[in-house]
Structures are given as structure tokens and as C-alpha cells.
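Novice: no sequence for this one, just the structure:
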Ligand SMILES: Nc1ncnc2c1ncn2[C@@H]1O[C@H](COP(=O)(O)OP(=O)(O)OP(=O)(O)O)[C@@H](O)[C@H]1O
Ligand SMILES: [Mg+2]
């Protein structure tokens, strides 16, 4: 279980200074609070021998001072430690996002978006709870219990032994509940992932659902899943609902024991009243930290379960990397002329990638003996029936699919694996077959991937049906585009999302979209750039 948490250590280390001050605040908060029963003890023992005005004022002020001191440090402790957990959450979310951006295309084919979203939200939050409140409360419990124990033994070792009698039962209980909470929470999160994925697919596929009149069926399915989610959550709540009262009962029993045995000692004159009251106050003050322990176990179990789920993403390695890069190009920025060559290329989607289950390898072989030489500065259109491999062919150029098993793809006479991946892609303007718009202004969508300098922007504009220049576009169409292109009219989508990333400056432009009137509004190709069109 601890192994799940190992990836968090660099983050904790990064905030070691804050954690140090947080730890000092924990020590001070509890160090001061532990004195509270001592003040009461002295007050009662002292006042027993005679009540004076001075004594009353002194002890009242002492109680106030202890409470104020504790309050200040408790505030600092929460501020620092909960703050650290927010900072770590921020870092972890950014790292997770960066990692997701580096993963290759195939990962997103295998993984549902909703599942990733659930992990980046719900699970990350569970991890934050573990790093913030869980660490803070367990540190408080540890320090306060240790301090209280020392004072309690000082007052009466025999009573202390009785008071801590239920502790083994408490620890067995916590272990038992902890394991169950962990399992149930894992199942709940898996369910949450399913629901998120389903919701996300429903929104993106809204048109398909409407076209097939599947609204009611989908709503029904969503309701069933939600009911299942509620049922599972209630099972967890029931378990947690049992944990706290059970702990309280055990602690209550200990208090009864102490009242009975301690009270007898007081009557027999073996214990002073002040000592007994202090002892009893320690027991009462210990109730919350020990109950908090139960809560912490719960958060901790959720946190480790969630961190395990986040690790599953962090463990993924991009399948397409710079591995085979030529040493002379490492760390250099590359400017491509744009001559593309396919040399006897054969491409097979791996058997388990094949869209139809059980597809034979022969059928999954999409490209065979492709020999092509596209000189720099020329345009090429590839025509063929649906599923003949046009998109696949084009996807090989920016290495969206990795290099073929046989043959090779070359640019400017060098195998594409020679180039650093980022450099290769920076040189290629690519319009995917499936259009996608970010939820941003049309202007920002057009400028995606291009530095926002105006001249190239204007060059890549305007499609015939949209206002004439980016400037008028800004005022007349400032609208934010909806979540996905599916809700915008296809012609607008094609034209808006068509500007290939970095089109104005890239040497190679590839387009997988047949309907796109690219030549109408992209700049005339500079000499030394080639274009490939394929549907
Ligand atoms: N990720 C993938 N995994 C497995 N097989 C795939 C994958 N992508 C495409 N294929 C298969 O490869 C073949 C070629 O697909 P591709 O998309 O390249 O065809 P296309 O010529 O672009 O078709 P269209 O005209 O419909 O755009 C098809 O049989 C398709 O089912
Ligand atoms: Mg295609």
C-alpha cells in the first residue's frame, strides 16, 4: 500500500521547509494544549487549601493564556500544512497534465477520456485530503497522545494502564475497517470513472444518440449507473458510520473504568482531587484525536487507493519517442525543406489494435509496398476508397503512428526517426481528418500552435464564409466555440479548424480532410514546401 505513495516523496521533499514549520506548529499547538489539564490540576489542588481572589485571577488568566497560545499555533499549523497539500495538488495536477500531453496516440485509443478526467479530479482530491488533513491530524494525534501519556503516567501509572486497556481493540478495529474502506472506495472510484466516461461520450456523441433516438435508453443507462454508484457509496457510508461510534464506545468504556477506579482512589485518599480531574480531562481531550485517527485512516485509505489509480497514468510511457535519434541532431532546431520519401513502406496495426476483434494480421496490414517520392515544393493528393489507408499513410509522416515495421519514411533524405520528435512535428502543418475546436475564440483556434503574430494570422485567413480579417473576426465573432466541433455546422468547422498548426511557417502541410478548401485561404506555398492531401 505504501508503494502507491512513493511517487509523492519528491513533492513532499520540495515543500520540506513548510513541512518543517508545520511540524513545529504541531508540536507547539499540542505542547501548549497538553498544559491545560495541568493548570486545572494545580488550580484545584491549590484552591482546595483555600480560595483567594489572586489565585482565582491567576488560574483564570493561565487558562486563557493556554487557550490563546494553542489557538494561534493551531491556526498556523492548519494554514501551513493544508497550504502545502494545495501546493502539492497543484504541482501534481500540472505534472499529470504534462504527462498526459506526452503520451502517444495509442494510449488515448485504449483509454476513455472520462476515466482520465475522474482520475484528474476526484482521485487527485482524495490524494490532497491525504496529504493535508490526514497528515495534520495524525501528527496532532501522535504528539498529543504521547504528551498526554507521559503526564498520565506521572499522575497514576495504574490508572493509565486501565485507561489504555481498550487500545489493542481500537487498533484491530481500525485495521479491519481500514482495509474494507480501501476496497469499497476503490470500487466506488471505478464506478465514478465509468459514469464520467459515459457522460463524456454522451456529450461528444450527442448527434449520434439523437440520430438513433437513443436518448431514453441512454438516460435509463445513466440512471442505473448512478443508482449503483449511490448504492456503493451508501455501503461505504454505513461502514464509516459504524467506525466512529464503535471507537467512541470503546473510549467511553475506558472513561467509565477510570471514573470508577480513580474515584475510589480519591475516596481512599490515594489520589488528590486535582490529579484525578486532570487525568480525567486528559482522557476527554484524547477522545477527539483518537476519533480523528479513525477519520484519518479513512482518508488515508481513500488517498492510497486514488494515488494507485493516478500512478496507473503516470506509469504509462509514450510509445513513440526520440529513442533512435541521430546524434548530430540532438538539441538542434531543425529546418526542413520538405522532400518526403516513402521507401517500400509496409504498415500493420498490431493485432490487438485491430478494430475488429480477431482480425487476421493480413487484414490488419494497411499499407504494402508504398514507394513515393514527393519533391519539396510540390502538392500531392491521395485518392482511394474508404479504409484504404490514406490517413494511415499521412499519419506516418509526423509519427502519429510509429515508423513502419518494413521500409522507411524519409524527409530531406533522412529517416524521420533521426529527427527529434518535437522538431519533426514543429515543421509539419497537420490537419486531422476529425476536426476539433478548443473551447476558445475562433481567433485562438485559428492561431493554435502559431505564435500570435498578426501577419501570419492574416495570411491564414479568411475562409469565404467568415468575415474578412482576423480583426473584424475578433469583433464580429468573438464567440467562444463550443466544447466540441460536433455542434458547429460542418462547413464552419472545417474552415475554422482547418488552419494547420503553424501552417504559415511549416515546410510540410498535410491534410486528412477532403472537404477542406485549403488552397483558397492558405498562403501560396513558398518554394521548398510540399503538401500532401489525403482523406
Ligand atoms: N488505430 C487503428 N487501429 C487498427 N486499425 C486501424 C486503426 N486506424 C485505422 N485502422 C484500419 O486501417 C485501415 C485504413 O484506415 P485509414 O483510416 O487509414 O483509411 P482511410 O483511407 O483514411 O479511410 P477514409 O477514407 O474513411 O478516411 C482501415 O481498415 C482501418 O480500419
Ligand atoms: Mg481517412
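Specialist: In hand now; what should we look at? Because the structure is a prediction, the values reported are computed rather than measured. Ligands and ions are numbered 1, 2, ... in the order given.
Novice: secondary structure element holding the nearest residue to residue 80 once chain neighbours are set aside?
Specialist: For residue 80, ignoring the flanking residues on the chain, the nearest one in space by CB to CB, 6 or more residues apart in numbering is residue 22 at 4.1 Å. Glycine gets a C-beta too; all of them are placed from N, C-alpha and C. Residue 22 belongs to helix 16-33 when assigned by DSSP states H and E.
Novice: who are the packing partners of the helix or strand following that helix?
Specialist: The helix or strand immediately downstream of helix 16-33 is helix 36-48, counting by DSSP H and E. Identification of packing neighbours for helix 36-48 by 3 or more CB pairs under 8 Å, 6 or more residues apart in numbering; DSSP states H and E yields helix 53-102, helix 135-155, helix 273-315.
Novice: surely residue 120 touches residue 93?
Specialist: Yes - taking contacts as CB atoms under 8 Å, residue 120 lies within contact range of residue 93: 6.7 Å.
Novice: count the neighbours of the closest residue to ligand 2 within the stretch 251-400 of the chain for me.
Specialist: At 3.1 Å from ligand 2, residue 391 is the closest residue in the stretch 251-400 of the chain, using CB to the ion. Per other CB atoms under 10 Å, the neighbour tally for residue 391 reads 21.
Novice: where does it land in three-state SS?
Specialist: Classification of residue 391 using DSSP: H, G, I helix; E, B strand; the rest coil returns helix.
Novice: what distance do you get for it to residue 204?
Specialist: 20 Å (CB to CB, to the nearest Å).
Novice: residue 347 too?
Specialist: 28 Å.
Novice: and what of residue 314?
Specialist: From residue 314 over to residue 204 (counting by CB to CB), the distance is 25 Å.
Novice: repeat that for residue 427.
Specialist: As judged by CB to CB, residue 427 and residue 204 stand 31 Å apart.
Novice: who has more neighbours, those two?
Specialist: More crowded of residue 427 and residue 204, by other CB under 10 Å: residue 427, with 23 against 16.
Novice: what about the more buried one, distance to ligand 1?
Specialist: 22 Å (CB to the nearest ligand atom, to the nearest Å).
Novice: excluding chain neighbours, what is closest to that residue?
Specialist: Residue 427 sits nearest to residue 336 (CB to CB, 6+ apart), 4.3 Å away.
Novice: is the one you found in a helix, a strand, or coil?
Specialist: Residue 336 ends up coil, using three-state DSSP.
Novice: re earlier: against which helices or strands is the helix holding residue 22 packed?
Specialist: Using 3+ CB pairs under 8 Å, 6+ apart, helix 16-33 is in contact with helix 53-102, helix 135-155.
Novice: what is the mean pLDDT for the longest one?
Specialist: Spelled out, that is helix 53-102. Mean pLDDT, helix 53-102: 95.
Novice: okay, angle between it and helix 16-33 too, please.
Specialist: 150 degrees (axes from the mean of the first three to the mean of the last three CA atoms, to 10 degrees).
Novice: same deal with the shortest one?
Specialist: Note on geometry: by the same axes, to 10 degrees, helix 135-155 and helix 16-33 are set 30 degrees apart in direction.
Novice: not counting sequence-adjacent ones, nearest residue to the spatially most central residue of the chain?
Specialist: Centroid-nearest residue in the chain: residue 120, 2.8 Å away (criterion: CA atoms, centre = their mean). The spatially closest residue to residue 120, leaving aside those adjacent along the chain, is residue 96, at 5.9 Å (CB to CB, 6+ apart).
Novice: ok, how many other residues are close to the one you found?
Specialist: 18.
Novice: surely the residue of the stretch 251-400 of the chain closest to ligand 2 meets residue 434?
Specialist: No - contact between residue 391 and residue 434 fails when scored by CB under 8 Å: they sit 9.6 Å apart.
Novice: my guess is residue 253 contacts residue 166. True?
Specialist: Yes - contact criterion CB under 8 Å: residue 253 and residue 166 qualify, at 6.0 Å.
Novice: who's more crowded, those two?
Specialist: residue 166 (19 against 13).
Novice: backbone dihedrals for the nearest residue to that one once chain neighbours are set aside, please?
Specialist: In this structure, residue 166 finds its nearest non-sequential neighbour in residue 250, 4.3 Å apart by CB to CB, 6+ apart. Phi and psi for residue 250, reported as degrees, to the nearest 10, are phi -60, psi -40.
Novice: please name the residues that touch residue 250.
Specialist: 166, 169, 170, 173 (CB atoms under 8 Å, 6 or more residues apart in numbering).
Novice: same deal with residue 242?
Specialist: residue 177.
Novice: what distance do you get for it to residue 140?
Specialist: In terms of CB to CB, residue 242 sits 24 Å off from residue 140.
Novice: any stretches of the chain with poor pLDDT?
Specialist: 1, 326-327, 350-364, 403-404, 449-507, 509, 511-535 (pLDDT under 70).
Novice: residue numbers of it in contact with ligand 2?
Specialist: Residues of the chain lying near ligand 2 by CB under 5 Å from the ion: 391, 433.
Novice: and the chain, what are its domains?
Specialist: In terms of domains, the chain is parsed into 2-314, 336-534 (source: automatic domain parsing).
Novice: can you tell me the closest non-neighbouring residue to the residue in the stretch 1-150 of the chain that ligand 2 sits nearest to?
Specialist: Residue nearest to ligand 2 within the stretch 1-150 of the chain (CB to the ion): residue 105, separated by 14.3 Å. Distances taken as CB to CB, 6+ apart put residue 400 closest to residue 105, at 5.2 Å, once the chain neighbours are dropped.
Novice: any buried residues in stretch 70-85, and which?
Specialist: Neighbour-count burial for stretch 70-85, counted by 16 or more other CB atoms under 10 Å, picks out 70, 73, 74, 76, 77, 78, 80, 81, 82, 84, 85.
Novice: which residues are contacting it?
Specialist: Contacts for stretch 70-85 (CB under 8 Å, 6+ apart): 15, 18-19, 21-22, 25-26, 28-29, 32-33, 36, 128-129, 131-133, 135-136, 139-140.
Novice: among those, which are within reach of ligand 1?
Specialist: Filtering the contacts of stretch 70-85 for proximity to ligand 1 by CB under 6 Å from any ligand atom leaves nothing.
Novice: check these for burial and list the buried ones.
Specialist: Burial by neighbour count, judged by 16+ other CB under 10 Å, picks out 15, 19, 21-22, 25-26, 28-29, 32-33, 36, 128-129, 131-133, 135-136, 139-140 from the contacts of stretch 70-85.
Novice: list the helices and strands whichever strand or helix holds residue 114 packs on?
Specialist: Residue 114 belongs to helix 113-118 when elements are defined using DSSP H and E. On a contact count with 3+ CB pairs under 8 Å, 6+ apart, helix 113-118 meets helix 167-204.
Novice: gap between whichever helix or strand comes after the helix it packs on and the chain center?
Specialist: Downstream of helix 167-204, the first helix or strand assigned by DSSP H and E is helix 206-211. From the chain centre to the centre of helix 206-211 is a distance of 30 Å (CA atoms, centre = their mean, to the nearest Å).
Novice: around whatever residue of the stretch 151-300 of the chain ends up closest to ligand 1, how many other residues sit close by?
Specialist: Among the residues of the stretch 151-300 of the chain, residue 208 lies closest to ligand 1, at 16.7 Å counting by CB to the nearest ligand atom. Each residue near residue 208 was counted by other CB under 10 Å, and the total is 12.
Novice: contacts only, for it.
Specialist: Counted by CB under 8 Å, 6+ apart, residue 208 has contacts residue 214.
Novice: follow-up on the earlier one: the residue nearest to residue 80: what's it in contact with?
Specialist: Counted by CB under 8 Å, 6+ apart, residue 22 has contacts 77, 80, 81, 84, 136.
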